[in-house]
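**Q** after the sequence you'll find the predicted model.
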2 protein chains.
Amino acid sequence: MLLDPVAGLGQASGFRKLGNVVHQDSSDFAIRLRESAQAVNGALETLLAPQPLDFEVLRPPRLLAAMRHATLNGGKRLRPFLTLETARLFGLNSSLAMNGACAIELVHCYSLVHDDLPAMDDDDLRRGNPTVHKAFDEATAILAGDALLTLAFDVMAREQTHHDAMVRSGLVLGLARAAGLGGMAGGQMLDLEAETSQGWEQEAVVTMQAMKTGALLQFAVEAGALIAGAGREERHAIKRYGAALGAAFQIADDILDAQGDSARLGKAAGKDADRNKATLVGTLGLGKAQAICAQKVEDALAALAPFGARAHVLAAAVKFTAARDH
Amino acid sequence: MLLDPVAGLGQASGFRKLGNVVHQDSSDFAIRLRESAQAVNGALETLLAPQPLDFEVLRPPRLLAAMRHATLNGGKRLRPFLTLETARLFGLNSSLAMNGACAIELVHCYSLVHDDLPAMDDDDLRRGNPTVHKAFDEATAILAGDALLTLAFDVMAREQTHHDAMVRSGLVLGLARAAGLGGMAGGQMLDLEAETSQGWEQEAVVTMQAMKTGALLQFAVEAGALIAGAGREERHAIKRYGAALGAAFQIADDILDAQGDSARLGKAAGKDADRNKATLVGTLGLGKAQAICAQKVEDALAALAPFGARAHVLAAAVKFTAARDH
């Protein structure tokens, strides 16, 4: 079974303590996430294989290599995990949600490539490896991001992704809205603008983060529900879960940057303050940011309540998200 | 009638002579193209309106302004024209193909923004105006391109674009394939690689150009046929037309760069040779390139033969494409 926890294989999973959140199931969860990541990596490897598809003349080797560098890089694969596990919550064999899950991860990977560019966050390292524009060059990195974003929509619209074209269209629409002007790209714009302005209010930071990070995480769970054919009320509950998880994720990220060490993060720590980034740690201080993060975890767990014990993996996921150390 | 030629309004349309191509209907065609562009501009204006849509918290003003700068800029709107006219050839009121036509134009506009970046073709002017990274900054230009590409898929997947979700999914898939690794983005990568290599063969130049420029032009006509519900054989014929038109367009572009003047082009001329760009003019010389361009026009007209006189607008379009002076 692809995503079942492997009993007795528990090991230290590096969770930090966070407020009053109890980390039950944490080592089981870490194993489950790792196994899911292996399956996702296999599927991404297939999507980015060197052979051109039947409609393609060729897959230009340098561009494909940059796309692979950006994608097959040891990421946690949290977004596809959320899609697969949400689909499973609604009774779908998670392998049937794999294409949709991978499409979302491709969007995440594209966003990292473009965010790392010199004109944006100017990062040389990503997960301990050179960023795409360092390993290749800027032009190649721009194009690799573009092609990954485009491939995400290609994958989402494929017949293998879902037998019902209405669902496929809905997935494309949801992905575009999570990623675009009113979502991730718009949030990144606001984030960059914050660097040259002063005194952002809490509300503005929350909006920016909900767009930049929250929208795609929320869509990752929503996509699982869509693919599995969940009902309207179930989808509503799962969206609430996704929104709270997205918020917890980004605040945890800000806390990590303020507290973390670069070696574990695989990227430079402490850069948010150096760059005058808008974060809740910066706006409210570390203690209040931690309290809000813990509250978001509680909100996410409350949204899962209707699903009872069936939702224990998604419950563990939000705890992991808020308390991760890298 | 939105796209009907206006009788008696003929005026000098600036066509160059090209081989043995006869420019019948050229002034009618120029009027028709201009009227179509006005309708497309109106639709694009609506898509890029400042008001957030119901699912959006906000449309970040700076990013939206950059997207508008990139899009509402006086372009010829050739791609949407081809979509609208192809839909009309198959009996559809062209306004019903407007969303699909606009989605394709958004992809075209995104590609220009990214191609103009300093790390790519490094152009300061586009249609006589500052390019997006000049009018704003590089980070904003990267994000504006990303958000335009994403918006294209959003628009393509909307229910208003076509009532049948199978058609919407097919449009998304076709657009992604025309734009991605095996299409436009891949072609741009090859184009950049050519700048630092020597002695490209004709075949390699043709492949690169078919990916970089041809794929999206071909899809523009194909999309019109898909939206209008054309049959398999009709779609096959129209794809042949699109492929030949795409090739003619790019060769004409190379000829324009070699011969044109910057003021009329709205961008610097003569840059291909300076940059060691792979072009058929560079590989085969001007005369042979012109002959191939004329042959492509003939191929396109031959593909239209089954449609008889009904296809006279598309026939004029390929002649315009090959003989345009900007």
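**A** The structure has been received and is ready for your questions.
**Q** how near is A:Gln160 to A:Ala103?
**A** 11 Å (CB to CB, to the nearest Å). Every C-beta, even on glycine, is put in place using the N, C-alpha and C of the backbone.
**Q** can you give me the strands in chain A?
**A** A:125-126, A:129-130 (DSSP state E).
**Q** partners of the first one, with directions?
**A** Paired with strand A:125-126 in the same sheet, following DSSP bridges, are strand A:129-130 (antiparallel).
**Q** how far off centre is the strand it pairs with?
**A** 19 Å (CA atoms, centre = their mean, to the nearest Å).
**Q** more neighbours, A:Gln160 and A:Ala103?
**A** A:Ala103 (26 against 10; other CB atoms under 10 Å in any protein chain shown).
**Q** residues contacting stretch A:278-289, please?
**A** With contacts defined as CB atoms under 8 Å, 6 or more residues apart in numbering or on different chains, stretch A:278-289 is touched by A:190-191, A:194, A:200-202, A:204-206, A:208-209, A:251, A:254-255, A:257-259, A:272-273, A:292.
**Q** buried residues in it, which are they?
**A** Buried residues in stretch A:278-289, counted by 16 or more other CB atoms under 10 Å in any protein chain shown: A:Ala278, A:Thr279, A:Leu280, A:Val281, A:Gly282, A:Thr283, A:Leu284, A:Ala289.
**Q** give me the subset of those lying in helices.
**A** A:Leu280, A:Val281, A:Gly282, A:Thr283, A:Leu284, A:Ala289 (DSSP state H).
**Q** reformat those residues as JSON lines; add pLDDT.
**A** Below are these laid out as JSON lines (pLDDT from 0 to 100):
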{"residue": "A:Leu280", "pLDDT": "92"}
{"residue": "A:Val281", "pLDDT": "91"}
{"residue": "A:Gly282", "pLDDT": "89"}
{"residue": "A:Thr283", "pLDDT": "91"}
{"residue": "A:Leu284", "pLDDT": "92"}
{"residue": "A:Ala289", "pLDDT": "95"}
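**Q** any idea which of those is closest to chain B?
**A** A:Leu280 (17.0 Å; CB to the nearest CB).
**Q** contacting residues around the residue in the stretch 201-326 of chain A that chain B sits nearest to?
**A** Residue nearest to chain B within the stretch 201-326 of chain A: A:Thr207 (5.7 Å; CB to the nearest CB). By CB under 8 Å, 6+ apart, the contact set of A:Thr207 is A:Leu190, B:Val57, B:Leu58.
**Q** count of residues packed around the last one?
**A** Using other CB under 10 Å as the criterion, B:Leu58 is surrounded by 16 other residues.
**Q** repeat for the second one
**A** By the other CB under 10 Å criterion, the neighbourhood of B:Val57 contains 16 residues.
**Q** make sure it is actually in contact with A:Met211.
**A** Yes - between B:Val57 and A:Met211 there is a contact under CB atoms under 8 Å: 6.6 Å.
**Q** find the residues that touch each one of those two.
**A** Here B:Val57 and A:Met211 share the contacting residues A:Gly182, scored by CB under 8 Å, 6+ apart.
**Q** for the strands of chain A, give me TSV that also has distance to A:Glu233, mean neighbour count and mean pLDDT.
**A** Formatted as TSV, the strands of chain A follow (distance: least, CB to CB, whole Å; neighbours: other CB atoms under 10 Å in any protein chain shown; pLDDT from 0 to 100):
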stretch	distance to A:Glu233	mean neighbour count	mean pLDDT
strand A:125-126	39	18	93
strand A:129-130	43	14	96
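**Q** how about those, which one is nearest A:Ala66?
**A** With CB to CB, the closest approach to A:Ala66 among the strands of chain A belongs to strand A:129-130: 11.4 Å.
**Q** what does the closest one contact?
**A** A:His69, A:Asn73, A:Asp124, A:Ala135, A:Gly266.
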